[in-house]
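> My questions are about this predicted structure, shown below with the sequence.
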Amino acid sequence: MAAAAPVFLSALGVVNALGHGKAAVALGLFLGETGGLGLEDGWIPGGPARVGRVAEPLPALPAALAQYESRTSRLILAALEEIRDEVEAVCSKYGPDRIGVVLGTSTSGVGVMEAAIAHWKLRGALPPEFRYEGQEMGAQARFLARCLGLTGPAYTVSTACTSSGKALASARNLLRLGLCDAVITGGADSLCKLTLNGFSSLGAATAELTNPMSVNRAGINIGEGAALFVLRREPFEVALLGVGESSDAYHISSPDPQGLGAETAMRLALKDAGLTGTEPGYLNLHATGTEKNDEMESRAVVRVFPGGIPCGGTKPLTGHLLGAAAATELAFCWLAMSPRWNPDRLLPPHCWDGKPDPALPALDLVPRGARAGDLKVCLSNAFAFGGNNLTLVAGRA
């Protein structure tokens with residue numbers, strides 16, 4: 001099958017509960033470190049919530065951009081620190097009008113809005129520093145573009161848990177259409193009460209460590225983080241080879257039990273990449289640890305890969321990063337294929353209690369310490385409310 005020319009993921013900045021930066025995140029990723037998910041009071045009524053918080057101090061926003069103040073914006077700045085040299089290089093080469101920004105988020109500055117409403121209830125007025133502009137879903141891309149002085153296309157995608165993956169797909173289109181010569185893309189989300197209470201009210205969250213694909217799975221843990229890539233046409237070590245998108249529209253919050261939309265997304269991604277399905281060496285599962293998601297995803301995976309594929313879910317390491325999840329888990333694939341950041345050639349482990357659900361098809365779940373060998377192609381799944389399905393394919397050039 002002929003595939004369109006790939007685009008390349010030439011730089012990565014990442015921050016989440018595993019740490020700040022590629023070195024810290026890679027270390028925790030390949031060790032299967034789950035200690036970043038802790039119990040915290042004050043998020044939901046009736047008890048603590050288990051969350052994946054970024055422990056490191058986050059950079060402050062420039063004073064000129066104070067209207068974008070939020071923890072999500074600060075997470076973006078933290079991820080940007082790692083790729084600033086690459087961004088400056090492409091700006092110098094192409095000019096600020098040829099560099100785009102496409103980000104994904106599901107919360108934007110909702111946490112600041114929550115604090116502002118609490119202030120209003122107590123004192124009858126919003127805080128004097130409060131600016132609504134920073135709470136809008138489109139704020140994050142505008143903030144990053146202004147921070148870097150970029151004047152190319154800048155917009156934010158918000159499609160729940162596929163947001164940052166959709167942002168990568170959209171960024172690829174900007175390159176292929178000739179509208180940009182490089183795009184800063186990825187996503188960020190921060191912890192907030194709105195999201196935690198929403199998932200709790202749906203019965204989808206658990207205070208235990210999330211336990212994907214287990215017979216004992218009880219739900220998700222929410223986390224926060226950011227992942228930013230520089231996407232460009234010039235060849236680099238890792239390419240974005242394929243994108244598969246589908247919408248099964250089965251239910252507003254439950255997936256199609258058979259995983260037909262998830263299956264379609266994976267098959268379309270492989271076709272887009274010009275692959276048959278035998279080449280990938282690893283699949284990062286969406287694997288939320290909820291009853292319905294794990295059920296449908298396992299069924300879809302065994303149909304697409306009847307011969308098996310090493311796979312696993314990484315949300316026990318970071319929590320579910322919502323709008324930042326797809327870009328973050330593609331970043332895990334990027335790290336897995338990089339000799340610099342993964343010299344021992346390990347695969348990200350699937351961390352769980354080791355007790356499979358007999359009602360689910362058996363998957364080749366990666367244990368701690370499993371080696372990838374010469375890993376050249378990875379897939380990453382992301383699924384969202386409304387039957388919104390996405391699969392990304394990355395490969396070593």
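Looks like it came in fine. Numbering: from 1, shown residues only.

> Quick one: neighbours of Ile83, just the number.
21 (other CB atoms under 10 Å). (Glycine included, C-beta is placed from N, CA and C.)

> Hmm, I typed the wrong one, I wanted Arg50.
Close neighbours of Arg50, defined as other CB under 10 Å, add up to 22.

> what does the one 4 residues further on give?
Close neighbours of Val54, defined as other CB under 10 Å, add up to 24.

> does it sit in a helix, a strand or a coil?
coil (DSSP: H, G, I helix; E, B strand; the rest coil).

> contacting residues around it?
Counting by CB atoms under 8 Å, 6 or more residues apart in numbering, Val54 makes contact with 15-17, 20, 75, 78, 224-225.

> out of those, who's nearest Ala154?
Ala154 lies nearest to Leu75 out of those, by CB to CB, at 17.7 Å.

> any idea how far Glu329 is from the closest one?
Noted for Leu75: a distance of 16 Å to Glu329, by CB to CB, to the nearest Å.

> is it true that Thr34 touches Lys315?
No: the pair Thr34 and Lys315 fails to qualify as a contact (CB atoms under 8 Å) at a distance of 10.0 Å.

> Can you point out the buried residues in the lowest-mean-pLDDT helix or strand in the chain?
Across the helices and strands of the chain, the lowest-confidence element by mean pLDDT, DSSP states H and E is helix 110-123, at a mean of 90. Residues of helix 110-123 classed as buried: 110-113, 115-116 (neighbour count, 16 or more other CB atoms under 10 Å).

> Pipe these into JSON lines and attach distance to Ser190 per row.
Formatted as JSON lines, those follow (distance: CB to CB, whole Å):
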{"residue": "Val110", "distance to Ser190": "8"}
{"residue": "Gly111", "distance to Ser190": "6"}
{"residue": "Val112", "distance to Ser190": "9"}
{"residue": "Met113", "distance to Ser190": "12"}
{"residue": "Ala115", "distance to Ser190": "12"}
{"residue": "Ala116", "distance to Ser190": "15"}
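
> re earlier: packing partners of the least confident helix or strand of the chain?
Applying 3 or more CB pairs under 8 Å, 6 or more residues apart in numbering; DSSP states H and E, one finds that helix 110-123 makes contact with helix 71-94, helix 193-201.

> Following it in sequence, what is the next regular element?
Once the chain leaves helix 110-123, the next helix or strand it forms, by DSSP states H and E, is helix 139-148.

> now that next one: how far from the chain's centre is it?
Taking CA atoms, centre = their mean, to the nearest Å, the mean C-alpha location of helix 139-148 is offset from the chain mean by 19 Å.

> I'd like the C-alpha coordinates of that helix written as PDB, please.
Extracted C-alpha coordinates of helix 139-148, given in PDB (Å, rounded to 0.1, in the frame of the first residue of the first chain):
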ATOM      1  CA  ALA A 139      -6.800  30.000  25.100                       C
ATOM      2  CA  GLN A 140      -3.900  27.500  25.200                       C
ATOM      3  CA  ALA A 141      -2.800  27.800  21.500                       C
ATOM      4  CA  ARG A 142      -3.200  31.600  21.600                       C
ATOM      5  CA  PHE A 143      -1.100  31.700  24.800                       C
ATOM      6  CA  LEU A 144       1.700  29.600  23.300                       C
ATOM      7  CA  ALA A 145       1.800  31.500  20.000                       C
ATOM      8  CA  ARG A 146       2.000  34.800  21.800                       C
ATOM      9  CA  CYS A 147       4.600  33.500  24.200                       C
ATOM     10  CA  LEU A 148       6.800  32.600  21.200                       C
END
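
> going on from that helix, what's the next piece of helix or strand?
strand 154-157.

> hang on, the earlier thing: from the contacts of Val54, which land in strands?
Among these, DSSP state E puts 15-16, 20, 225 in strands.

> circling back to that earlier point, more neighbours: which of Thr34 and Lys315?
Lys315 (28 against 19).

> can you pull out the strands in the stretch 201-350 of the chain?
222-223, 225-232, 238-247, 282-284, 310-312 (DSSP state E, counting those that start in this stretch).

> Among those strands, which comes closest to Asn381?
strand 282-284 (6.7 Å).

> strands paired with the closest one, and their directions?
Here strand 282-284 is paired, per DSSP bridges, with strand 310-312 (parallel), strand 377-384 (parallel).

> which residues of this protein score low on pLDDT?
For the chain, the stretches flagged by pLDDT under 70 are 1-3.

> Next, name the residue at the spatial heart of it.
Ala325 (2.1 Å; CA atoms, centre = their mean).
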